[in-house]
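Engineer: Fold the following and give me the result.
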Amino acid sequence: VAAQPDSPSKWTNETFHAAIISLYKRYNVTEKLHIVPSLVERFHGVEHQLIERIHNRYGTQKPQQPDDESCDADEPVDPVDTRPEAYATLVTSDFYAQGAMILGTSIQRWELRARQRDPSRPRRRLVAIMPSHLVAAEQSALSLRVTGYDDIVSVPEWVCPRPSAALLTANHSVAAVPAENAAAYSDDEWRFESTCAKLYLFNLTQYKTILYLDADTLLMTEAATTLFDRAPSLTPQRPLAAASAINPPTQFNAGVLLVRPTRSIFKALQAAVRNGSLSSGVTYDGGDQGILNAMFSDWWAWDAPHRLSNLFNCPQDLTAHKNKAGFRLYEEEGNGTVAIMHFLGDVKPWQSDRQLHTEPLRPYHKMYFLTNLATRELLVMKMAAGRQTGRMPPPPTAAEIAQALAAARLEVAAARREEGAEDDGVRDLE
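Structural biologist: Numbers count the residues shown, from 1 in each chain. Sure, this is the predicted structure:
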């Protein structure tokens, strides 16, 4: 069927899926195989256009040899780089899928507003990186698609090297672990075990630049969308920009990363973790953050565009008493609010329907709560649309997001009235 793109035969999702896989394998374009499901959905009804596009792009090229390192290019062969920019997050469980949906709503909200100001700007894609077993379970992947995620990238599970409790305690990654509990902690409670899947970011060369955000972050203002302006400064040797960790400040926090996907870096990370040169014995936390900091150990000496202000990755523990003055400085830098809040900690904000925090953090939890309610409204709205049409609904529009936010505000106001409190006195970040 793939050899006859104009065939009058009736396409089904199964035959179309098989045809695209056949074509990509025919031209040895194996790195595209993971996006086939999203292509099948996007080209429903105009399948021949995608078939023709693949033939035109790859059919006249010399077939790549997957085992030939010289053919494993980091950059596209096109003289003009037409690859899209993207936002991405890592979803390692159904639990974090909840945070990813709320994050996605905040991204779409501010991206749509920015594009209203500049309609000529290309649309950036929304990407979720998920282990293959979670994609196969379908529920989380479906919810993410319905709420606006364009691409679900299925990756093999990559377990981070498990450090000893003694190493973690020595490097201040966790509180001191009693000796009698050390073995149990090391064996059963390694919380960064699944985060090495984040390293697949560097292999997603179908995107020109990726702004990666942990699932427990939230975009607070449109300023976050300007991070892509730093993309021209990224190089294959210095392929990322990040904000410093609070402790130690000479390391960067991997919760927000502007990344230039570079396959040679990805292979180097794979090899280093595999042979142990970047294993938990020489990284300060044993997770993805420690591995990336070990790989890019001179990050602090790079040019200014590679070092982000904590305005763009503000951990909520920065609001603790001893750091409160510094937090206020970042708010002033952002004209009253940080651009991206990082809700670090064991308890995540989507786990509660109440806002229990005090100033200066409470306005940010208030914004998160509102975005959470809006995301639920969007999920109901888009699922209903999908049931009516029998197809995957398109990404939310600016009007739909505005409608969901308005419904969320009404819900919050009604709840406050029931509690007998018209105004909680907390400043509104909106």
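Engineer: by contact count, what packs against the helix or strand L50 falls within?
Structural biologist: If you go by DSSP states H and E, L50 is part of helix 47-58. Packing partners of helix 47-58 (3 or more C-beta pairs under 8 Å, 6 or more residues apart in numbering; DSSP states H and E): helix 13-26. (C-beta placed from N, C-alpha, C; glycine too.)
Engineer: Packing partners of the helix it packs on?
Structural biologist: For helix 13-26, the packing partners by 3+ C-beta pairs under 8 Å, 6+ apart come out as helix 36-42, helix 47-58.
Engineer: follow-up on the earlier one: the helix holding L50 to helix 13-26, inter-axis angle?
Structural biologist: Angle of helix 47-58 versus helix 13-26, following axes from the mean of the first three to the mean of the last three C-alpha atoms, to 10 degrees, is 10 degrees.
Engineer: what about the helices in the stretch 51-200 of the chain?
Structural biologist: For the stretch 51-200 of the chain, applying DSSP state H, counting those that start in this stretch gives helices covering 94-117, 132-137, 139-146, 165-170, 179-188.
Engineer: F327: which of the ones you listed is closest?
Structural biologist: Among these, the nearest to F327 by C-beta to C-beta is helix 94-117 (19.9 Å).
Engineer: Now do the same contact list for the residue most central in space within the chain.
Structural biologist: By C-alpha atoms, centre = their mean, the chain has its centre lying nearest to T89, at 1.5 Å. Contacts here follow C-beta atoms under 8 Å, 6 or more residues apart in numbering; on that basis T89 touches 100, 103-104, 127-129, 212-215.
Engineer: From those, which land in strands?
Structural biologist: Judged by DSSP state E, the subset of the contacts of T89 located in strands is 127-129, 212-213.
Engineer: Could you check how far the closest residue to A224 other than its chain neighbours is from Q139?
Structural biologist: Spatial nearest neighbour of A224, chain neighbours left out: A339 (4.4 Å); criterion: C-beta to C-beta, 6 or more residues apart in numbering. Look at A339 and Q139: by C-beta to C-beta, to the nearest Å, they are 32 Å apart.
Engineer: between those two, who's got more neighbours?
Structural biologist: A339 (26 against 10; other C-beta atoms under 10 Å).
Engineer: Nearest to T371 among the contacts of T89?
Structural biologist: L103 (8.6 Å).
Engineer: what residues are up against that closest one?
Structural biologist: Contacts of L103 (C-beta under 8 Å, 6+ apart): 89, 213, 215, 217-219.
Engineer: again with V135
Structural biologist: Applying C-beta under 8 Å, 6+ apart to V135 gives the contacts 141, 152, 154.
Engineer: Local confidence estimate at it?
Structural biologist: pLDDT for V135: 83.
Engineer: go on, A301?
Structural biologist: Note on A301: pLDDT of 91.
Engineer: any idea how far it is from L213?
Structural biologist: 25 Å.
Engineer: go on, D118?
Structural biologist: D118 is 22 Å from L213, where distance means C-beta to C-beta.
Engineer: H55 too?
Structural biologist: According to C-beta to C-beta, H55 and L213 sit 36 Å apart.
Engineer: Look at these two and report which has more neighbours.
Structural biologist: More neighbours surround L213 than the other of H55 and L213, with 26 against 16 (other C-beta under 10 Å).
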